[in-house]
Every structure is written in C-alpha cells, then in structure tokens.
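Engineer: compute the structure for the input listed below.
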Amino acid sequence: MDIRQLRCLVEIVDSGTFTDAAIELGISQAAVSRNLLALERELGVRLLHRTSRSLTPTTAGVRVLARARHILAEIDELVSEATSGHTRLRVGHAWSAFGSRTREFQRRWAAEHPGIELQLIRTNTATGGLAEGLCDLAVVRSQLELRRFGHVLLTRERRYCALPADDPLARKRSLMLDQLRDRTLVIDRRTGSTTADLWPESARPVLEYTQDVDDWLAAIASGRCVGVTPQATSTQYRRDGVVYRPLRDAPPVDVHLIWHREDPHPAARAAVDLLIALYRESSSPNS
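Structural biologist: Numbers count the residues shown, from 1 in each chain. Just a heads-up that it's a prediction; the model follows:
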C-alpha cells in the first residue's frame with residue numbers, strides 16, 4: 001500500500017468518475033484504475049460499487065475512505081510543517097514568555113518581519129518545548145544545563161510573592177522570604193524557578209506541587225497556598241483573588257533565550273537581537 005493508492009481512492013469518490021479523478025491527479029485513467037485495484041488487492045476487500053451510472057463506496061470502502069482522508073491530511077500537514085519552517089518562527093515558553101515586553105515583541109516582529117509569522121507556544125517542559133521539537137527558540141527561567149544550546153542571558157528578574165488577595169501579608173508593599181516560612185508554598189518542580197533552597201533548611205515552608213500556571217493560580221486564590229515567581233508572571237497573569245508583592249531578599253531569576261546550536265532557524269538571530277534590544281531599552285534610565 002502506498003500514498004498514491006489512497007489519493008486515488010479519495011479522488012475517485014470526490015470526483016465521481018475515474019476520468020475526472022485522473023484529470024485532478026494529473027495521471028491517466030488507466031493509472032487510476034491500477035492504483036484502486038492494487039489497493040483492493042492489498043486490503044483483500046472491494047472498496048467501490050461500480051455501475052455504468054454510479055460509483056459508491058462499499059461498507060468496507062466507507063471505513064477505508066475515512067481513514068485514508070485522515071492519513072492524507074496528516075501527511076499534508078507533515079509536508080507543510082517541513083516546508084514552511086522559514087516562514088514561521090515558533091517561540092516557546094513554560095509560563096510567562098517575556099512578561100510586559102511580550103506584546104511589544106509581537107508588534108515589532110510583525111512590523112520588521114512581515115513575511116515570517118511569529119507564534120508563541122506555551123508548553124510545560126524544562127526547555128520550553130525546544131528539546132521536544134515544539135519550537136525554534138525558547139525563553140527559560142528554570143535551572144537548565146545550557147551548554148548543549150545556543151543561549152543568551154536576557155535579564156535577571158526580581159522575584160515576587162503571589163498571595164491570596166485577602167491574606168494579611170497582602171496589605172504590605174513588599175515581603176521577606178522569612179515571612180513565608182509558615183505557609184504552604186505551591187511550586188512547579190519541572191519548569192519553575194522556585195525551590196525550597198531559597199530558605200534555610202530549618203525554616204522551609206511546606207511544599208505543594210503543581211505542573212500548570214492555571215492550577216498554581218487557583219491554589220493561591222483559594223487561600224490554601226502562596227507562590228514565589230519571577231516578575232514576568234506578575235505582569236502576564238493577573239487573576240482575581242491573587243496579588244503580587246516584591247520579595248526584598250530573594251535572589252533574582254536568570255532569564256535565558258535558548259535555541260538549537262546546530263542548524264538554528266534562519267530567523268533566530270533576528271529574534272535574539274530584537275529581544276536583547278527590547279530588554280536593554282526597558283532597563284535604561286530613560287525608559
């Protein structure tokens with residue numbers, strides 16, 4: 001069985017005749033007939049009822065036709081994925097992309113590179129989807145072995161505490177880590193930037209685990225937990241019932257942009273340069 005046989009079956013049914021199917025496929029009518037007969041021989045069933053006036057799928061043909069359409073659609077998508085790489089740039093992130101700079105990045109990219117579609121893809125993996133082949137470059141805030149990737153440090157973000165809005169600590173303008181020692185801290189072990197190591201071993205909060213930013217926010221809004229997160233989360237994920245307060249004594253979080261060292265996307269360098277410029281602009285004294 002091969003793809004040509006499946007395409008012939010689908011086109012015969014869609015066109016209604018062998019002659020029209022041959023025209024659509026750009027092959028001879030005899031070739032269409034041979035492909036259909038070969039497919040029926042491979043499967044051991046008759047796929048079409050043929051008369052001088054009509055052509056309809058058999059019961060088996062209906063089932064095979066549905067699967068053939070699905071297979072051909074998957075193949076077409078695969079071809080499109082492989083050939084459209086240079087006209088689309090996929091940027092992965094686990095939680096918060098570029099925070100307050102995300103929208104400006106999208107706008108400038110569209111203006112400066114109109115021929116390359118920008119897609120932001122959220123995926124909860126340590127590499128933001130890069131190692132899994134889901135994106136072309138990714139922003140990461142978790143502890144990661146960077147030597148296998150091309151990478152650049154974009155910035156160091158301040159850490160914030162996420163609190164229930166009615167928590168007594170929410171009345172304060174800023175907090176210290178020690179004020180959270182008696183709370184339940186919700187963290188993402190796979191992609192998060194927070195660990196119990198932020199606290200002395202004798203003064204660590206109770207930990208609860210999650211694997212998704214929406215579940216993380218829900219646990220905090222419920223009043224059950226608090227969270228510690230980079231500043232970008234506080235600007236990108238506003239939620240009723242949750243407030244953010246800066247932590248005065250927590251170390252900042254390194255924000256890296258990573259990409260494939262070998263065979264990077266042709267537009268990766270342009271994206272890196274644009275993001276470096278955006279972070280420099282926003283951190284300058286006059287910005």
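
Engineer: quick one, strands of the stretch 1-150 of the chain?
Structural biologist: Taking DSSP state E, counting those that start in this stretch as the criterion, the stretch 1-150 of the chain carries its strands at 48-50, 55-57, 88-93, 117-122, 137-140, 149-157.

Engineer: so for Pro200, which of the ones you listed sits nearest?
Structural biologist: Closest to Pro200 of these is strand 149-157 (C-beta to C-beta; 22.6 Å). C-beta: built from backbone N, CA, C; applies to glycine.

Engineer: what pairs with the closest one, parallel or antiparallel?
Structural biologist: Sheet pairing for strand 149-157, assigned by DSSP bridges, gives strand 253-260 (antiparallel).

Engineer: convert the strand it pairs with to CSV, retaining C-alpha atoms only.
Structural biologist: Taking only C-alpha atoms (Å, rounded to 0.1, in the frame of the first residue of the first chain), the coordinates of strand 253-260 have been written out as CSV:
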residue,chain,number,x,y,z
VAL,A,253,16.0,34.8,38.4
ASP,A,254,18.1,34.4,35.3
VAL,A,255,16.1,34.7,32.1
HIS,A,256,17.7,32.9,29.1
LEU,A,257,16.8,32.7,25.5
ILE,A,258,17.9,29.3,24.0
TRP,A,259,17.9,27.8,20.5
HIS,A,260,19.4,24.9,18.7
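
Engineer: any residues touching whatever helix or strand comes next after it, and which ones?
Structural biologist: Using DSSP states H and E, the next helix or strand after strand 253-260 towards the C-terminus is helix 268-283. Applying C-beta atoms under 8 Å, 6 or more residues apart in numbering, the set of residues contacting helix 268-283 from outside is 89, 91, 98, 100-101, 104-105, 108-109, 112-113, 136-137, 150, 152, 154-155, 257, 259-260, 287.

Engineer: list buried residues within these.
Structural biologist: Buried residues within the contacts of helix 268-283, defined by neighbour count using 16 or more other C-beta atoms under 10 Å: 89, 91, 98, 101, 105, 108-109, 136-137, 150, 154-155, 257, 259-260.

Engineer: residue ranges of the helices in this protein, please?
Structural biologist: Residue ranges of the helices in the chain, as given by DSSP state H, are 3-15, 18-25, 29-43, 59-83, 102-112, 213-221, 231-236, 268-283.

Engineer: nearest to Glu132, of these?
Structural biologist: Nearest to Glu132 among these is helix 59-83 (14.2 Å), distances taken as C-beta to C-beta.

Engineer: average pLDDT for the closest one, rounded please.
Structural biologist: Taken as a whole, helix 59-83 has a mean pLDDT of 86.

Engineer: what's it packed up against?
Structural biologist: For helix 59-83, the contact count by 3 or more C-beta pairs under 8 Å, 6 or more residues apart in numbering; DSSP states H and E identifies helix 3-15 as packing neighbours.

Engineer: which residues touch the helix it packs on?
Structural biologist: If you take C-beta under 8 Å, 6+ apart as the criterion, helix 3-15 is touched by 18, 21, 23-25, 32, 35-36, 38-39, 42, 47-48, 55, 57, 61, 64-65, 68-69, 71-72, 75.

Engineer: and the residue located most distally from the centre of the chain, how far is that from Arg158?
Structural biologist: Of all residues in the chain, the one whose C-alpha sits farthest from the chain's mean C-alpha position, using C-alpha atoms, centre = their mean, is Ser52 at 52.0 Å. The gap separating Ser52 from Arg158 is 79 Å, by C-beta to C-beta, to the nearest Å.

Engineer: contacts only, for the residue nearest the centre of the chain.
Structural biologist: Centroid-nearest residue in the chain, with C-alpha atoms, centre = their mean: Ile121, separated by 2.9 Å. Applying C-beta under 8 Å, 6+ apart to Ile121 gives the contacts 90-93, 129, 134-135.

Engineer: of those, which is the nearest to Arg183?
Structural biologist: For Arg183, the closest of the contacts of Ile121 turns out to be His93, at 27.1 Å, with distances computed as C-beta to C-beta.
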